[in-house]
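# Structure for this input, please:
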Amino acid sequence: MRLHRDFIPRIIALSAGVAASSLLTATAAAQTPGPLTNASFEQVNPFSATGEPVGWHNLSGPAQSIRRTNSDGMLPPIAARTGDACVEIKAPPSGFRGWTTDTLDFATFLFYDPAFTWGGGDIVVSGWYNIPASQPIAGDACGIKLNVKYGNQDYGTYDPFGFPAPGPQITGHTNGEWRYWEVRWTKAQIEASVADGESKGYFSTPPYPDHCKITLGRFGFAPPSGTIFWDDLTFAQVSACPADFNGDGFLDFTDFDDFVGAFEAGSSNADFNGDGFLDFTDFDAFVGAFEGGC
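Numbering: from 1, shown residues only. Below is the predicted model:
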């Protein structure tokens, strides 16, 4: 990120009349990692009759979505990338199959979905997948689907199975090797998806979504084909520079102009501290981040 420092005096002059805010240091974090429970599927839910991993729910019959271990004797054989366990999604005869974090922790009555901060940056989810050469994926596709939610309400969706799909899908095979896979749902895409849902009357903001549902999934079409294994998932929310308001990779006065325009228009994008209110604490927080070079 390159800061055009010749704009700083102008920013200071423009912000001189604005009261200082204690929120200046509480906003614009560079990265907000979210806890992803049992990301390598090692722990088994003791309350699951079908052996689901803790923190994950089977979206299909147990014959298609299975927690696998290195010595379970099932076919095709698999060695987890790390540890002893991974998950498998076999070819469904039709419809959707997979695993999701959208399940309740009955100790807390909160979803296992990782925490999400509105306005905090891009969502990046990664993992490792394995497709045996003898069982390639053909005629359907696999991917990672994301939803930002508040309570049980979906607010926005990143759908690799949509039309057109926002990103690549997994097909073919890996010759039995583990390969890295990553999806990135940008802050701008998240906001656009939420705005679209709100415009259709599905919900109103605030409140804003505060957790992210992760789904490892695949659609099946006749004839069914192949199988896929997943292991070692990660979740992060990343923002290189929140004060780069227009996201062009430069921190300059166009970002200030764009923020002021959004603020004067009453746009929720200008709710810089994410508290659900648009007021001068947001202006203070933005100026503080801008002057700090991030």
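
# Tell me where the chain has helices.
Along the chain, counting by DSSP state H, helices occupy 8-15, 187-199, 253-264, 280-291.

# Output the contacting helices and strands for the biggest strand by length in the chain.
Ranked by number of residues, the top strand in the chain under DSSP state E is strand 137-150. In terms of contacts (3 or more C-beta pairs under 8 Å, 6 or more residues apart in numbering; DSSP states H and E), strand 137-150 is packed against strand 122-130, strand 153-158, strand 170-172, strand 179-185, helix 187-199, strand 211-220. C-beta coordinates here come from the backbone N, C-alpha and C atoms, glycine included.

# How far away from the center of its chain is that strand?
Relative to its chain's centre, strand 137-150 lies at 12 Å (C-alpha atoms, centre = their mean, to the nearest Å).

# Save the helices and strands packed on strand 137-150 as TSV, and put in mean pLDDT, mean neighbour count and distance to N269 too.
Listed next are these as TSV, based on pLDDT from 0 to 100; neighbours: other C-beta atoms under 10 Å; distance: least, C-beta to C-beta, whole Å:
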stretch	mean pLDDT	mean neighbour count	distance to N269
strand 122-130	95	21	15
strand 153-158	96	20	14
strand 170-172	93	16	33
strand 179-185	95	16	16
helix 187-199	94	17	6
strand 211-220	91	23	19
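
# would you list those in CSV and tack on distance to R81?
Shown next, in CSV, are the helices and strands packed on strand 137-150 (distance: least, C-beta to C-beta, whole Å):
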stretch, distance to R81
strand 122-130, 5
strand 153-158, 24
strand 170-172, 16
strand 179-185, 10
helix 187-199, 29
strand 211-220, 14
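
# wait, which of the ones you listed is closest to S94?
Judged by C-beta to C-beta, the one of the helices and strands packed on strand 137-150 that comes nearest to S94 is strand 211-220, at 5.3 Å.

# Alpha carbons only: can I get that closest one in PDB?
Provided in PDB are the C-alpha atoms of strand 211-220 (Å, rounded to 0.1, in the frame of the first residue of the first chain):
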ATOM      1  CA  HIS A 211     -21.000 -15.200  11.000                       C
ATOM      2  CA  CYS A 212     -20.000 -17.000   7.900                       C
ATOM      3  CA  LYS A 213     -21.500 -20.400   6.900                       C
ATOM      4  CA  ILE A 214     -19.000 -22.600   5.000                       C
ATOM      5  CA  THR A 215     -20.200 -25.500   2.900                       C
ATOM      6  CA  LEU A 216     -18.100 -28.100   1.100                       C
ATOM      7  CA  GLY A 217     -20.400 -29.300  -1.600                       C
ATOM      8  CA  ARG A 218     -21.200 -30.800  -4.900                       C
ATOM      9  CA  PHE A 219     -24.200 -31.200  -7.200                       C
ATOM     10  CA  GLY A 220     -24.900 -34.600  -8.700                       C
END
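
# helices or strands up against it?
When contacts are defined as 3+ C-beta pairs under 8 Å, 6+ apart, strand 211-220 sits against strand 85-90, strand 95-100, strand 122-130, strand 137-150, strand 227-238.

# Just give the strands next to the fourth one in its sheet, each with its orientation.
So that's strand 137-150. strand 153-158 (antiparallel), strand 170-172 (antiparallel), strand 211-220 (antiparallel) (DSSP bridges).

# can you give me the offset of the first one from its chain's centre?
Strand 153-158 has its C-alpha centroid displaced from the chain centroid by 11 Å (C-alpha atoms, centre = their mean).

# What pLDDT is listed against the closest residue to W118 other than its chain neighbours?
Excluding the flanking residues, the one nearest W118 by C-beta to C-beta, 6 or more residues apart in numbering is Y208, at 3.7 Å. Looking at Y208, its pLDDT stands at 96.

# Right, I'll call it a day here.
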